[in-house]
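> here is a sequence with its predicted model. Questions after.
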Amino acid sequence: MSSWFRARHRPAVEQASGPSAAVLVVPEVAGSADVVLLTRDGCHLCELAEPTVADVASRHGAGLSVVDVDADPLVREQFTDHVPVLFVRGQLVDYWQVDPDRMERALKGEPVEPPAPL
């Protein structure tokens, strides 16, 4: 496991309640730029999301990193069925479809409710 993708210990979204609850762990790569988009080659939703994410990030002067979800087994295990996955400043903002308004609010530092649990 590369340290670049090593999962952080802070949860982003609880998937269930109780002591044995599964927790979504934000991967370290999510904090590698202001905006991180996890994608996959051949993913049509990723192809639709990338220009929108790039446009919103550019308008806000935010750095963008597009990361292949398959580059690391741990990231792939957690997010393989949810690409594209959007993080803004380390916070999970969207998956499957990117909402530019939610992304803009997150970039402005406004509260954004996390998406439904994975």
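Looks like it came in fine. Quantities reported herein were computed from a predicted structural model and do not represent experimental measurements.
> so which bits of the single longest helix found in the chain are buried?
Ordering each helix of the chain by length in residues (DSSP state H) puts helix 44-59 first. Within helix 44-59, the residues scored as buried using 16 or more other Cβ atoms under 10 Å are Leu45, Cys46, Ala49, Glu50, Thr52, Val53, Val56, Ala57. Every residue, glycine included, has its C-beta placed from N, CA and C.
> repeat that for stretch 29-41.
So for stretch 29-41, counting by 16+ other Cβ under 10 Å, buried means Val29, Ala30, Ser32, Ala33, Asp34, Val35, Val36, Leu37, Leu38, Thr39, Arg40.
> equivalent analysis for stretch 98-105, please.
Applying 16+ other Cβ under 10 Å to stretch 98-105 flags Val98, Arg102, Met103, Arg105 as buried.
> my read: the first one touches Ala54, true?
No - the pair Val98 and Ala54 does not pass the contact test of Cβ atoms under 8 Å, sitting 10.7 Å apart.
> so Gly31 makes contact with Arg89?
Yes - assessed by Cβ under 8 Å, Gly31 is found in contact with Arg89 at 7.4 Å.
> doesn't Val26 belong to a helix?
No - going by DSSP: H, G, I helix; E, B strand; the rest coil, the assignment for Val26 is strand, not a helix.
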